[in-house]
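Student: after the sequence you'll find the predicted model.
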Amino acid sequence: MPFYEKPWQTRCHVNAARHLISLVVLMMLAIWHVVPAQAADVDNIRLWAAPDHVRVVFDLSDEVESSVFKLDGPRRLVVDLKDTQLAFDPDDVDPGDSAIDALRTGRRNGDDLRVVFDLNRKIEPHHFLLPPTDQYGYRLVVDLDYPGEGALDEPVDPIAAMIRDQEMDAERELRQAEAEGRSPSAALAKRDSQAKPHPKRDIIVAVDPGHGGEDPGATGPSGTREKDVVLAIARKVKAHFDATPGFKAFLTRDSDYYVGLRKRTLLAREQKADFFVSVHADAVKSRGPTGSSVYALSKNGATSESARWLAETENRSDLIGGVDGNLDLSDKDEVLRGVLLDLTMTATMNDSLSVGGQVLDKLGRINHLHRSQVEQAGFVVLKSPDIPSLLVETGFISNPSEEKKLRSSAFQEQVADAIGDGIIAHFRHHPPPSSLLAWQRDQGRGGGPGEYRVQKGDTLSQVAARHDVTMLALKRANDLSGDILRVGQVLKIPHS
Ligand SMILES: [Zn+2]
């Protein structure tokens, strides 16, 4: 018989009377032995089920010494808390659809509390203690990770991801050539040669509903939680992209659990997203402010005091929601180096600002704008070196009428369409070379077969490479003496 199943153990369904008696006895003991009253309480146990783990949060009245270990046959996870007592009914804990079947509690060594979780699958535990915040006191967070399972089951589009990966490599090479003062034509030719036959890939968008799990985000005057409305809006944004040919979207979370800020961008990188958009709802102490605003990353401080304040507020999520204890950041620190990255980052931020302008324009048609320009500040969630990223504050949940709007499915739909259409408008103007949108644009460009209309930014070598002909053949076919092209000029494309 496993050692923990001893008579000291009480089952979950401690009735209130027994609980009270044991409390009284404990108190009497404390008086008799003049033990310093240092015992901590477990005020609650909250549970958040994610696809790749379940997070168990112990709300504690004080800092507690703990040990966490697993046992086999049958599978269990044991959490021992030194000098701690239960101050709530563990029967109220609903393990939901997770690795946990049930939990049991018991006393140990007189004053210690033991919590045993019965498990239905293999897990890998991680735990950490979080210090008090405005919302919570001390919390012991125990993550039960499911080995071999990612937060997203599989790439949303493995082929698009692969092509996008090659495209990003080529883009990096291009920037490196620019940085070193080399002619970019070789890199361009290499990039464009990947477009035959044209892959017509989908553009992948990461849609990130802010907060989640024990991090509710902002709360409205009638109790609306930011984490719930932004999930509803994000789902509609995803649906908008999925219904648009040439686009595919995925959610960084599709349920009520917390995802660490760095993990959100990591998911976007894993999926080779072309774009990342984080959806939030603003809140301030006063009920007055209303309207939508759009934020991009800044490298050199915030554009306004309120942008800085907001970035600090949103960045605090990890303190409330809890960081990913086992997230390895070493490889990304490696990436975050060098001139190359700096160039990529600048290009990425320019793209972010361009998309931001489009989104703001569309939002301005359906809602009051809190800020009429794309603001910039150091949001952690926007720090992806090569994925253009935006954070959209859809409205002020702290304003009673905007809170009401944010709850309505019709308004959520309008906001989602505005976000989606803004991003789509940008990509229609600047489609990645391998995308379906680029192919469609190229089809519509020429006067007919064998012709090509020169676009802004085109170079002779680029047009030649794209059509698989030599520069010389292209020049001959069009009687060109130099390498200069004019925007709008129609070129004859010779047979290769
Ligand atoms: Zn937020």
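Tutor: Cool, got the structure. Numbering: from 1, shown residues only.

Student: what residues does stretch 227-237 touch?
Tutor: 207-213, 215-217, 249, 251, 253-256, 277, 279-281, 394, 397, 406-407, 409, 412-413, 415-417, 419-420 (C-beta atoms under 8 Å, 6 or more residues apart in numbering). Quick note: C-beta positions are derived from backbone N, CA and C, even for glycine.

Student: of those residues, grab the buried ones for PyMOL.
Tutor: Here is the PyMOL command that picks out the buried ones among those, judged by 16 or more other C-beta atoms under 10 Å:
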select buried, resi 207+208+209+210+211+212+213+215+216+217+249+251+253+254+256+277+279+280+281+394+397+406+407+412+413+415+416+417+419+420
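
Student: quickly note the distance from Ile423 to Val392.
Tutor: 10 Å (C-beta to C-beta, to the nearest Å).

Student: so what's in contact with the two at the same time?
Tutor: Here Ile423 and Val392 have 277, 359 as joint contacts, going by C-beta under 8 Å, 6+ apart.

Student: on that earlier part again, take the contacts of stretch 227-237 and keep only those in strands.
Tutor: Among these, DSSP state E puts 207-209, 249, 251, 277, 279-281, 394 in strands.

Student: now tabulate those residues in TSV and tack on pLDDT.
Tutor: Converted to TSV, the ones in strands among the contacts of stretch 227-237 look like this (pLDDT from 0 to 100):
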residue	pLDDT
Val207	97
Asp208	96
Pro209	97
Ala249	96
Leu251	96
Val277	96
Val279	97
His280	96
Ala281	94
Thr394	95
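
Student: also near the ion: which of those, exactly?
Tutor: With C-beta under 5 Å from the ion as the criterion, the ones in strands among the contacts of stretch 227-237 include His280 near the ion.

Student: what's the farthest-apart pair in the ones in strands among the contacts of stretch 227-237?
Tutor: Among these, the pair separated by the greatest distance (C-beta to C-beta) is Ala249 and Ala281, at 19.7 Å.

Student: from Trp309, how far off is whatever residue of the chain ends up closest to the ion?
Tutor: Per C-beta to the ion, His280 is where the chain lies closest to the ion, at 3.4 Å. For His280, the distance to Trp309 (C-beta to C-beta) stands at 14 Å.

Student: list the residues that contact both of the two?
Tutor: With C-beta under 8 Å, 6+ apart applied, the contact sets of His280 and Trp309 do not overlap.

Student: buried ones in the lengthiest helix in the chain, by neighbour count?
Tutor: Looking across the chain with DSSP state H, the single longest helix is helix 338-363. Neighbour-count burial for helix 338-363 flags 340-341, 343-345, 347-349, 351-360, 362-363 (criterion: 16+ other C-beta under 10 Å).

Student: identify the residues contacting Ala125.
Tutor: No, residue 125 isn't Ala; it's Pro. Applying C-beta under 8 Å, 6+ apart, one finds that Pro125 lies in contact with 68-70, 77, 142-145.

Student: what strands line up against the following helix or strand past the longest helix of the chain, and which way round?
Tutor: Using DSSP states H and E, the next helix or strand after helix 338-363 towards the C-terminus is strand 375-377. Using DSSP bridges, strand 375-377 pairs in its sheet with strand 293-297 (parallel).

Student: what's the following helix or strand after the partner strand?
Tutor: Following strand 293-297 in sequence order, the next helix or strand is helix 305-315 (DSSP H and E).

Student: could you name the helices and strands sitting against that next one?
Tutor: Counting contacts by 3 or more C-beta pairs under 8 Å, 6 or more residues apart in numbering; DSSP states H and E, helix 305-315 is packed against strand 293-297, strand 375-377.

Student: can I get whatever helix or strand comes next after it in PDB, CA atoms only?
Tutor: Counting by DSSP H and E, the next helix or strand C-terminal to helix 305-315 is helix 317-321. What follows is helix 317-321, C-alpha atoms only, in PDB (Å, rounded to 0.1, in the frame of the first residue of the first chain):
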ATOM      1  CA  SER A 317       0.700  39.700 -17.400                       C
ATOM      2  CA  ASP A 318       3.500  37.300 -16.700                       C
ATOM      3  CA  LEU A 319       3.500  38.300 -13.100                       C
ATOM      4  CA  ILE A 320      -0.200  37.600 -12.800                       C
ATOM      5  CA  GLY A 321      -0.600  34.700 -15.200                       C
END
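
Student: how about the helices in this structure?
Tutor: Applying DSSP H to the chain gives helices spanning 16-32, 158-179, 185-193, 226-242, 261-270, 305-315, 317-321, 330-335, 338-363, 400-407, 409-429, 436-445, 460-466, 471-477.

Student: least confident of those, on average?
Tutor: Comparing mean pLDDT across the helices of the chain, the weakest is helix 330-335, with a mean of 48.

Student: show me the contacts for the residue nearest to the spatial centre of the chain.
Tutor: Closest to where the C-alpha atoms of the chain average out (C-alpha atoms, centre = their mean) is Arg264, at 2.9 Å. By C-beta under 8 Å, 6+ apart, the residues touching Arg264 are 206, 208, 252, 276, 278, 381.
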